[in-house]
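sequence? don't have it. structure:
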Ligand code: SIN
C-alpha cells in the first residue's frame, strides 16, 4: 500500500507575498495555496521518498486572526486523514503568531488513539514565500523528515531545524527565523540534512490527556474565556467590566486566565475583582508572565487555581476545553 503524507494549509507567512523580494516585514500573509507551496520545493519528491503527498487548503488566514471556526475545521480534517490506514502523518502549514495555540489545541482534542500512532507536524516561516531567501521551503522539508520518522508521535512543531512539543513551544522572537523556543523543557530534536536527531522521546506527551469528544467541537460558540494581565498600576476595572458585560448575546463569560507576575502572584486590586468574578461562578486560573518555569504552589496560593505550567494563552485553551466538557 502506497503511504501518504497529508499537507493541510492554514495560511501564514509561509504562504505570504510581497512585491519586494528583499522585504521580510511588509508583506501580506496567507496568499499562496498549500499545493502551490509544495510545487515550489524542487527536492520535495526526494524528501517524500516512498510517500505520496496529498494536500488540502483548510483555511487561508494570517494567524493573528485565527478563530475557533478555523480550529474546528482543522481538527475535523486532521481526524479525517489520520483515521485512514494509508496516511502516516499530517503536516500543517500555519502562521507563526498563534502556531503554539493551534498546536496545543490539537494536542488536546485529537483522539489519543490517533496521536499514539501518528504525528501531526505543524510548520511555518518567518519570511514570506516571495522573499529572496525564504525559510518556508526548508521548514517544509524538515517537517517532512519529522513526519516520516518512525519515532514521531503526537502534535509537534518544526521550525528552523528544531522539533518542539505542542505543550512547551512558544514564539519568543518577532523577527528572527529561529523564532521558537521550548523553554526549560528544551526541544525534542533537531533536523540535520534531512535526518532527525531526537534528544527526547515523544512517547509521554499524551499521557493523562483525555481528549474531548469531537462532537463537542460542533457547537457554534465555544466557552468564552478571557486573558487579563497583572501589572504595576493595574486596577480591577477590566475584570469588573468583563463581569458587568458577562453576557454577550446568549453567551456567558465562563472563565478568566490571569497572567500573573513571577510565581503567579496577582496585584491586590485585581485580586478583589477576580474574587468577585469567582463568586459569580466565573472560573479563574492563574498563569505567569514569566516565559520559563512553572508556578510553584505554596501556602496561600490556593485562592485561584494555577495553570500547571501552561502559558496564559495555552491556559486559556485548557480552561475553555474544560468548560466544554
Ligand atoms: C501569521 O502568523 O500568520 C503571520 C506571521 C507569521 O506567520 O510569521
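All right, it came through fine. Just so you know, these numbers come straight off a predicted model, no measurement behind them.

what about residue 120, how many neighbours?
Residue 120 has 28 neighbouring residues, counting by other CB atoms under 10 Å. Using the backbone N, CA and C atoms, a C-beta is placed for each residue, glycine as well.

how near is it to residue 7?
The spacing between residue 120 and residue 7, counted by CB to CB, to the nearest Å, is 12 Å.

for the residue of the stretch 1-150 of the chain found nearest the ligand, which three-state class applies?
Distances between the stretch 1-150 of the chain and the ligand by CB to the nearest ligand atom are smallest at residue 95, namely 2.0 Å. The three-state label for residue 95, taken from DSSP: H, G, I helix; E, B strand; the rest coil, comes out as coil.

residues in contact with it?
The neighbours of residue 95, taking CB atoms under 8 Å, 6 or more residues apart in numbering as the test, are 10-14, 29-30, 61-64, 66, 124.

one more time with 10 Å
Residue 95 sits next to 10-16, 29-30, 61-66, 102, 124-125, 171 when contact means CB atoms under 10 Å, 6 or more residues apart in numbering.

likewise for residue 130?
By CB under 10 Å, 6+ apart, the contact list for residue 130 reads 16-24, 27-28, 31-32.

quick check, it in a strand?
No - note on residue 130: no strand contains this position according to three-state DSSP, which reports coil.

please renumber so the chain begins at 30
New numbering, starting at 30: the last item is residue 159.

please report how far it lies from residue 66.
Using CB to CB, one obtains 12 Å as the distance from residue 159 to residue 66.

common neighbours of residue 149 and residue 36, please.
Common contacts of residue 149 and residue 36 (CB under 10 Å, 6+ apart): 110, 119-121, 176.

so which of these is surrounded by the most neighbours?
The member of these surrounded by the most neighbours (other CB under 10 Å) is residue 119, with 29 neighbours in all.

re earlier: which among the contacts of residue 159 end up buried?
By the neighbour-count criterion of 16 or more other CB atoms under 10 Å, the contacts of residue 159 include these buried positions: 45, 47, 53, 56, 60-61.

on that earlier part again, now, the shared contacts of residue 149 and residue 36 that are in helices?
110, 176 (DSSP state H).

mind listing what's buried in stretch 146-166?
147-160, 163-166.

ditto for stretch 296-311
For stretch 296-311, the buried set under the neighbour-count rule, 16+ other CB under 10 Å, comprises 296, 299-300, 302-303, 306-307, 311.

alright, I will stop here.
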